[in-house]
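[1] dropping a prediction and its sequence here:
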Amino acid sequence: MSEQKEKILVLGLGNPILSDDGVGIYAVREASSLFAHPDVEYQESSLAGFGFLDTISGFQKVIIADSVNWQKNPPGTISTLKISDLESNPYLRNFHNLSLAGTLTLADQMGIPRPEEIVIFAVEVGDCSTFSERCTPSVEASIPKVAQMIIEQVKSWLKTGVGAASGEEGSR
Amino acid sequence: MKKITIDPVTRLEGHGKIDIFLDEQGRVANCYFLVPELRGFEKFCEGRPVEELPRILTRICGVCPEAHHMASAKACDAVYHVEIPSTAKKLRELLYSIFFVADHTVHFYALGGPDFVVGPDAPAAERNILGVIRKVGLEAGKKVIHTRSMAHEILTILGGKAIHPVTALPGGMAKGITEEERIKIEGYAKEMVEFGKFTLKVVDDVVLANKAYLDLILSDTYAHKTHSMGTVDKKNNVNFYDGQIRVVDTNGKELLRFEAKDYLNHLAEHVEPWTYLKFPYLKKIGWKGFVDGPDSGVYKATPLSRLNAADGMATPLAQAEYERFYKTLGGKPVQATLATHWARVIELLYAAERALELSQDPEITGRNYRVIPTATPDEGVGCVEAPRGTLYHHYVTDEKGIVKKVNLIVGTTNNHAAISMSIKKAAQGLIKRGTTITEGILNQIEMAFRAYDPCLACATHSLPGEMPLQVRILSPQGEVLDQIERF
């Protein structure tokens, strides 16, 4: 596996020093401590725009864990989104003026290999304007749930043919 | 007064709001550029070992983690009174030059460029990188993506990690590079030089060849006579990583030249009641309000200011372009805010040429890349030129190296007063009595703002992304008359 990229990317997005903004990163850290597989790579990123394209390029399937600030649900509420949900959702469109959907369009136009499937787990935030390496309590409570959702999604993809070897629970 | 608000300012990192107040006659009375406040930064840093800061403070910003990494590592070197080995310095500058290529590329093609390449009045949905590629051609798009991808690979080698660099430490670098890696970087740097030349040709063909655009760039609506700040080497050439801070006045004459550690002797920060963000100004002249001219303490620290503050570029192709820049735009200093875009592309070429030079330096693969600090830590300032302006990190620690105090002036903050003035001037030029405020007009106001490539993320110490800026037009009574929210 040394030269070839793993097939599934689990990507935590957000800022891990800005309270609830880091929830996606914390959830991915937790998932990576619970489940390991040679075809699954865990990464975290606070980058916007092109940095995002650099990161996802080459993977078959991608799970993104991120925070959202819709202010329509109580903090800690988890939503599962697909790329098609993003087109009409202004709050997830500003990746350096390149929406997630726009980033994928760009990749297509340029002939850059792009993931065939992207699933996003988004957690409604409370406080994203205080410097802290911990979330507020209701958002913190969502972290193990999101971690489990990530693992379930990874396992379901692995079962349908992405990757060959079997996973190891608690191997990290 | 009536009020116009631009919210969000598109294509910018972070989030904020522009409020434009009209008077009873429907003319622009005042403009305010507002960003939300973030809390607890000082407290967050206090009590940590200072050597943690170069790693943690890269998270301040999703756009320029490398700039914070470098300024922070340099501040740590100063805190520990350590002179880093020559190889370490060259490795840092190589990393930083590659970062500049990548960052300036994004700004030109995705953020600033669309206004010129696609046109300031084009529908918002087309004023983006996809529109630029449609206009310039798919090959150009491939070059942009390829350049980004090469930079990503080199930054992973030099920074130790794909996204947030971790290799710069107090005393030098945590790792060096092998000959094999050097050869790869050299090859990529050569391609980047070609890309820089290509991008300057795009500027030529698309912007300069269009008289209407050149007139727009040179129009009074987008001009401000301010002092210019930038870092220069011993020969007064632009340098991003190290040197002295030089400020030239509105006529291009040297006003100040100082070491970064003395920044507090030369800069002070003005506070306004309507924003928590501060307005740095030159102490020597003092704060005279939001006005330009030689008697105002307002300065700019942008790619354009860096070119103004220097006497030239240290690499041959960029130097030739530097000379053409001033010849075309009527001599030094250039005060046309929109010319910042061209200046940025000249810096891109310089960064690529400098990266190539460093990749061919015999010392770059040296193994002496770190000195273990032995002095008692106390206080230090680290400074680099971030893509958006001069970046200062200032740390005070106890004798064990535990942080007691942190002060930052980030790139965009230097330009806060100038940005506010530029928005107001553009708004005054574009909105007169009875003007119907269109999307195109608001975009042209935003263009004044966007030329600075403001990173509100940095300025507010926040992550960019989900809450961009809003423009509102308000009546003298504060009633919202018009509001544009673009994402």
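    Sure thing, it's come through. Numbering: from 1, shown residues only, chains lettered A, B, ... in the order given.

[2] give the contact list for the residue lying closest to residue B:149 once chain neighbours are set aside.
    Spatial nearest neighbour of residue B:149, excluding adjacent residues (CB to CB, 6 or more residues apart in numbering or on different chains): residue A:54 at 6.2 Å. Using the backbone N, CA and C atoms, a C-beta is placed for each residue, glycine as well. Shown in contact with residue A:54 (CB atoms under 8 Å, 6 or more residues apart in numbering or on different chains): B:148, B:149, B:152, B:162.

[3] now do the same for residue A:54: helix, strand or coil?
    helix (DSSP: H, G, I helix; E, B strand; the rest coil).

[4] and what of residue B:384?
    Quick answer, by three-state DSSP: residue B:384 is strand.

[5] ok, it to residue B:352 distance?
    Look at residue B:384 and residue B:352: by CB to CB, to the nearest Å, they are 18 Å apart.

[6] repeat for residue B:308
    For residue B:308 relative to residue B:352 (CB to CB), the value is 22 Å.

[7] neighbour count for those two, which is higher?
    Taking neighbours as other CB atoms under 10 Å in any protein chain shown, residue B:308 and residue B:352 compare with residue B:352 leading, 31 against 26.

[8] now the more buried one. Nearest residue, chain neighbours left out?
    residue B:192 (3.8 Å).

[9] alpha carbons only: can I get stretch B:315-328 in PDB?
    Provided in PDB are the C-alpha atoms of stretch B:315-328 (Å, rounded to 0.1, in the frame of the first residue of the first chain):
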ATOM      1  CA  THR B 315      15.600  37.400  -9.300                       C
ATOM      2  CA  PRO B 316      16.000  38.300 -13.000                       C
ATOM      3  CA  LEU B 317      12.600  37.600 -14.500                       C
ATOM      4  CA  ALA B 318      10.700  39.200 -11.700                       C
ATOM      5  CA  GLN B 319      13.100  42.200 -11.800                       C
ATOM      6  CA  ALA B 320      12.400  42.700 -15.500                       C
ATOM      7  CA  GLU B 321       8.600  42.500 -14.800                       C
ATOM      8  CA  TYR B 322       9.100  44.900 -11.800                       C
ATOM      9  CA  GLU B 323      10.600  47.500 -14.100                       C
ATOM     10  CA  ARG B 324       7.800  47.000 -16.700                       C
ATOM     11  CA  PHE B 325       5.200  47.400 -14.000                       C
ATOM     12  CA  TYR B 326       6.400  50.800 -13.000                       C
ATOM     13  CA  LYS B 327       7.000  51.900 -16.500                       C
ATOM     14  CA  THR B 328       3.500  51.000 -17.600                       C
END
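
[10] residues in contact with it?
    B:193, B:196-197, B:200, B:208, B:307, B:312-313, B:332, B:334, B:339, B:342-343, B:346-347, B:349-350, B:353-354, B:357.

[11] residue contacts, residue B:246?
    B:229, B:230, B:231, B:232, B:236, B:254, B:256, B:257, B:309, B:310.

[12] do the same with residue B:57
    Applying CB under 8 Å, 6+ apart, the residues contacting residue B:57 are B:45, B:68, B:69, B:72, B:393.

[13] what distance do you get for it to residue B:168?
    Per CB to CB, residue B:57 is found 11 Å from residue B:168.

[14] leaving aside the residues next to it on the chain, what's closest to the most centrally placed residue in chain B?
    The C-alpha lying nearest the average C-alpha coordinate of chain B belongs to residue B:388 (CA atoms, centre = their mean; 0.6 Å). Closest residue to residue B:388 apart from its sequence neighbours, by CB to CB, 6+ apart: residue B:411 at 3.4 Å.

[15] the one you found against residue B:303, yeah?
    No: in this structure, residue B:411 is not within contact of residue B:303 by CB atoms under 8 Å, at 10.5 Å.

[16] who touches both of the two?
    Common neighbours of residue B:411 and residue B:303 (CB under 8 Å, 6+ apart) are residue B:387.

[17] any idea how many residues pack against the nearest residue to residue B:87 once chain neighbours are set aside?
    Excluding its sequence neighbours, the residue lying closest to residue B:87 (CB to CB, 6+ apart) is residue B:366, at 3.7 Å. When neighbours are counted by other CB under 10 Å, residue B:366 registers 16.

[18] next up, the contacts around residue B:366.
    B:85, B:86, B:87, B:176.

[19] from residue B:161, how far out is the residue nearest to residue B:149?
    From residue A:54 to residue B:161 the distance is 13 Å (CB to CB).

[20] which parts of stretch B:390-404 are buried?
    B:390, B:391, B:392, B:393, B:394, B:395, B:396, B:397, B:401, B:403 (16 or more other CB atoms under 10 Å in any protein chain shown).

[21] quickly find the element holding the third one.
    Put plainly, it is residue B:392. Using DSSP states H and E, residue B:392 maps to strand B:389-397.

[22] mind listing the strands in chain A by residue range?
    Residue ranges of the strands in chain A, as given by DSSP state E, are A:8-13, A:35-36, A:40-45, A:61-68, A:78-82, A:117-124, A:168-169.

[23] and the third one with strand A:61-68, angle?
    Orientation of strand A:40-45 against strand A:61-68 (axes from the mean of the first three to the mean of the last three CA atoms, to 10 degrees) gives an angle of 30 degrees.

[24] how about strand A:40-45 as PDB, C-alpha atoms only?
    In PDB, the C-alpha atoms belonging to strand A:40-45 read as follows (Å, rounded to 0.1, in the frame of the first residue of the first chain):
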ATOM      1  CA  VAL A  40      -9.200   3.500   4.900                       C
ATOM      2  CA  GLU A  41      -7.200   6.700   5.500                       C
ATOM      3  CA  TYR A  42      -8.100   9.300   8.200                       C
ATOM      4  CA  GLN A  43      -7.200  12.900   7.800                       C
ATOM      5  CA  GLU A  44      -8.000  16.200   9.300                       C
ATOM      6  CA  SER A  45      -7.900  19.600   7.700                       C
END
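
[25] close to chain B, is that strand?
    Yes: for a cut-off given as CB under 8 Å from any CB of the partner chain, strand A:40-45 has contacts with chain B, namely A:43, A:44, A:45.

[26] flag the shaky bits of chain A, pLDDT-wise.
    A:1-6, A:47-51, A:86-101, A:163-172 (pLDDT under 70).

[27] and the helices in it?
    All helices of chain A, identified by DSSP state H, fall at A:23-34, A:50-56, A:83-86, A:100-110, A:137-140, A:142-159.

[28] give me the nearest residue to the residue nearest the centre of chain A, chain neighbours excluded.
    For chain A, the residue nearest the mean C-alpha position is residue A:64 (1.5 Å; CA atoms, centre = their mean). Ranked by CB to CB, 6+ apart and with sequence neighbours excluded, the top spatial neighbour of residue A:64 is residue A:120, at 4.5 Å.
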